[in-house]
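Peer 1: kindly generate the corresponding structure for this input.
(chains A and B)
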Amino acid sequence: MSGLKQYFKDSWEGIWTVLVGMKITFKHLFVPNVTIQYPSVRVPMPERVRNRLYVNMDDCIGCDQCSRACPVSCISIDTVKSLPSEDLGVTSNGKKKALWVTKFDIDFAKCCYCQLCVFPCPTECIYMTDVYEFSEYERGKLLYNFSTLTPEQAAEKKANLEKFNAEKEALKAAAAAEAAAKPKIEKPQDKTE
Amino acid sequence: MYEFLTNLIGNEVLAWIIIAALPLFVVILPYALVAIWLERKVSAHMQDRLGPMITGWHGWLQSFADVLKLLQKEDLVPAEADKKLFNIAPALVFTASYAAFAVIPFSSGFIGSGAEIGIFFILAVSSFAVAGILMGGWASNNKYSLIGAMRAVAQIISYEIPTALVVLSMVMITGTLSLEKISAMQTGYFWNWFIFGGPEWGLTKFLLIPFMLVGFLILYMSTLAEVNRTPFDIPEAESELVGGYHTEYSGMKFAMFFLAEYANMFAVSAIVSIIFFGGYQSPVGYLGDLFGVSWLIPFEQLFWFVAKGLFFVFVQMWLRWTLPRLRVDQLMNLCWKYLIPYSIANLIIIGLISLI
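Peer 2: Numbers count the residues shown, from 1 in each chain, chains lettered A, B, ... in the order given. Sure thing, here's the model as predicted:
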């Protein structure tokens, strides 16, 4: 008899528990959604979130410290000295800029978003933004060029410096030659005097 | 309906073709599109999500977008598949679910066929789908498909027994197999429905009510299992069998399986509502009677029928997102140890009561 009792109890429990479950799901039918409609609505990012880097080239002095701090070597910087005649201005915190930054590339395919490059920057020109949707179909497109100079301008600056250096060398050489030539003439005079 | 069309067109064959095609285009396709959207919205809201929101108002065009996508998809046939059977199977499954609509009375003015053996015909053609499912699973030459198909066959054949026993007990009370007559019997108000003991007033009506409730629960559970819906969806258990018997199907053939599933959902809901909930009968009387416009009544009946059918479809979705899937042994346990003994006892008790 206890077996039969258990049988009816089980049947009743089967139906009853289903009804309890249905009650719960029915309540949830009217619970406001907890999800958001992502592309049109976004969760605001936390303040210190680490995402894509940005470099404010107006403030960059080309000191290469960020590149050296990078654990994965994803930053590559090339600089060219400016000529004495050129004035590159000052950064927003008053540092004098002395170098043309001809190349400032960050490869975000390599970047590990560790933020280590941000701390050494003396002018605080490299920093993390809250942009996180920048996926690409080709890896090459993740190489970002931050330099404000076009390749032609960079080549021009390089040529200018080389020309200046060559002129300087020539002047130096001329001066040296003059210096070398002068004593030869003067020394005998000294000796004679 | 048939006479009306024959008079209108003047050609019997053409009228038959229109009558045969009408349920498909007027009822099944729009219903399936709405039901698929509804399923996604119901599931989403039960999980505190929103579901499709982009295509149209609250994503109501999502099903149309899905159909367009499926139409453009490549129609793949696996290299090692039995191509003939593979191509026939979806058509067969859909035919089986479509054939059931032939005898369902949508309203007193719209019945595909008022066959005297309506309910018997539905039981017969719905088991016809088993052949299509097994065919699809076997022809795919894929272990998941085959396991899914075999489970489907075992499940559908097992659950036909309690379905048939409950239908038998209802046939004893009504004395007819015709769905049209069963619907017509429950006319009047909702207390004339068979779930409330039927139209005849007396002691038997009140004695019948608890057994009708049991019968309704058994019929609802076993028809749910017959259309392979959760918690009885082991033939297409996504987490175990990839997609079950339709794993290898793509494009429109997959869409046909999908359409058949949703058509079946409505068909079994319609059967439950005809047998226990008055079919197309209004629970509260007709506006047509109230205002003396008799042509309005069939349309009201259509509305009530579709409303009842959709309500039971909604309950099926509701159950789907409430209950986890049963294991194979639990499924057989439920059928053979619980539903069949209960339905046999119910059959005997209802028989005894109807003798009074």
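Peer 1: and the helix or strand hosting A:W16, what's buried?
Peer 2: Here A:W16, judged by DSSP states H and E, is contained in helix A:2-28. For helix A:2-28, burial by neighbour count (16 or more other C-beta atoms under 10 Å in any protein chain shown) applies to A:11, A:18, A:21-22, A:25. To be clear about C-beta, it is placed using only N, CA and C from the backbone, and glycine gets the same treatment.
Peer 1: chain center to the helix or strand B:L33 falls within: distance?
Peer 2: Per DSSP H and E: B:L33 is located in helix B:29-46. Distance, stretch centre to chain centre, for helix B:29-46: 16 Å (C-alpha atoms, centre = their mean, to the nearest Å).
Peer 1: ok, and for it, which residues are buried?
Peer 2: So helix B:29-46, judged by 16+ other C-beta under 10 Å, has buried residues B:31-33, B:35-46.
Peer 1: equivalent analysis for stretch B:188-195, please.
Peer 2: Buried residues in stretch B:188-195 (16+ other C-beta under 10 Å): B:192-195.
Peer 1: mind checking if that stretch is in reach of chain A?
Peer 2: No - using C-beta under 8 Å from any C-beta of the partner chain, stretch B:188-195 stays clear of chain A, with a minimum separation of 15.9 Å.
Peer 1: may I have that stretch exported as CSV, CA atoms only?
Peer 2: Taking Å, rounded to 0.1, in the frame of the first residue of the first chain, the C-alpha atoms of stretch B:188-195 are listed here in CSV:
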residue,chain,number,x,y,z
GLY,B,188,-23.3,27.6,-25.6
TYR,B,189,-21.3,28.9,-22.8
PHE,B,190,-17.9,27.7,-21.4
TRP,B,191,-19.5,25.4,-18.8
ASN,B,192,-20.6,23.2,-21.7
TRP,B,193,-17.0,22.4,-22.6
PHE,B,194,-15.9,18.9,-21.9
ILE,B,195,-13.3,20.0,-19.4
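Peer 1: who in chain A is up against chain B?
Peer 2: A:11, A:14-15, A:18, A:21-22, A:24-26, A:28-35, A:37.
Peer 1: switch to 6 Å and redo it
Peer 2: A:21-22, A:25, A:28-29, A:31, A:33-35, A:37 (C-beta under 6 Å from any C-beta of the partner chain).
Peer 1: CSV please, covering the residues you listed and showing pLDDT.
Peer 2: Shown next, in CSV, are those (pLDDT from 0 to 100):
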residue, pLDDT
A:G21, 89
A:M22, 89
A:T25, 88
A:H28, 87
A:L29, 85
A:V31, 84
A:N33, 84
A:V34, 85
A:T35, 85
A:Q37, 84
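Peer 1: hmm, back to that, restrict the buried residues of helix B:29-46 to those near chain A?
Peer 2: Answer for those near chain A (C-beta under 6 Å from any C-beta): B:45-46.
Peer 1: closest one to B:S250 out of the buried residues of helix B:29-46, please.
Peer 2: Among these, B:I36 lies closest to B:S250 (C-beta to C-beta), at 17.4 Å.
Peer 1: burial count for B:D48?
Peer 2: When counting by other C-beta atoms under 10 Å in any protein chain shown, one arrives at 13 neighbours for B:D48.
Peer 1: against chain A, how distant is it?
Peer 2: Distance of B:D48 to chain A, given as C-beta to the nearest C-beta, to the nearest Å: 5 Å.
Peer 1: where do the strands sit along the chain?
Peer 2: Just going to use chain A. A:53-55, A:75-81, A:99-107, A:126-128, A:143-145 (DSSP state E).
Peer 1: chain B, not that one
Peer 2: B:105-107, B:110-111.
Peer 1: show me which helix runs longest in chain A.
Peer 2: Counting by DSSP state H, the longest helix found in chain A is helix A:151-192.
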